[in-house]
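In: with the sequence up front, the predicted model follows.
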Amino acid sequence: MALPVESNGGFSVTKVGLPRLGEVVRSGVEGMLQLNLGSFNDNVKREWDQLREFDVLFLVTIDMSQAMTEAEANSGEEKIKVNDEDDLTFARRYGITAVRGCEIIDVRDDQGNEVNPPGNLPSKARGNRRSIRVSLDPAQYHFDEKSKRNRARGLKVYEEINLVVRRGAKENNFKSVLETIRDLMKGE
């Protein structure tokens, strides 16, 4: 499920930690995501109000001026039907210029009340706006900050984010499954 990010200040990087001693990658990067659920029905609001700490979201930048036209997409010599998952031109066809992952720290409603606090019963969110504090990948942030290939865009990629995508609750346990497998392999 995906939602548009508010156009003015919908996503911003709020905290960038210094690198730890002997490291070059930042110790942590946090951001704030602003969503407005006012134009959506109750089912969509309920779905987004189920977000909780440690859930993973994807922040996407779509620029339709970069998208392939229908003529460019159909210019191949032979048209073979390929699933979107296997299509290497998918991002270019739809104008996707950047995807960044993040992990939720907390979700707040209009009045600043935390929605779904850890260890408590889910609370009823008030209003239509949600402020979601997220933790970004410090290695990706460092890459964006230092990469010669991204020098033209640099950290501007975070200002251009205009879509947030979430996985369903059942599929959103991927990170915890990987951590459990890693811990089992280590023998902990």
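Out: Received the coordinates, thanks. Numbering: from 1, shown residues only.
In: could you pull out the buried residues of stretch 139-147?
Out: By 16 or more other C-beta atoms under 10 Å, the buried positions in stretch 139-147 come out as 140-142, 144. C-betas here are computed from N, CA, C, even on glycine.
In: contacting residues around that stretch?
Out: The contact list for stretch 139-147 (C-beta atoms under 8 Å, 6 or more residues apart in numbering) reads 13, 16, 24-26, 29, 100-101, 150, 153-155, 157-158.
In: closest one to Val5 out of these, please.
Out: Among those, Tyr158 lies closest to Val5 (C-beta to C-beta), at 11.1 Å.
In: tell me the secondary structure of the closest one, please.
Out: Counting by DSSP: H, G, I helix; E, B strand; the rest coil, the backbone at Tyr158 sits in helix.
In: could I get the buried residues of stretch 139-147 as JSON lines with distance to Ser39 and pLDDT?
Out: Listed next are the buried residues of stretch 139-147 as JSON lines, based on distance: C-beta to C-beta, whole Å; pLDDT from 0 to 100:
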{"residue": "Gln140", "distance to Ser39": "31", "pLDDT": "92"}
{"residue": "Tyr141", "distance to Ser39": "31", "pLDDT": "92"}
{"residue": "His142", "distance to Ser39": "36", "pLDDT": "92"}
{"residue": "Asp144", "distance to Ser39": "31", "pLDDT": "89"}
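In: out of these, which are inside helices?
Out: 140-142, 144 (DSSP state H).
In: on contacts alone, who are the packing partners of the longest strand along the chain?
Out: In the chain, assigned by DSSP state E, the strand with the most residues is strand 96-108. Contact analysis of strand 96-108 by 3 or more C-beta pairs under 8 Å, 6 or more residues apart in numbering; DSSP states H and E lists strand 29-36, strand 56-62, strand 114-115, strand 129-136, helix 156-159 as its packing neighbours.
In: for Leu178, pull up the helix or strand it's in.
Out: Element membership for Leu178 (DSSP states H and E) is helix 174-186.
In: tell me the mean pLDDT over that helix?
Out: Helix 174-186 carries an average pLDDT of 75.
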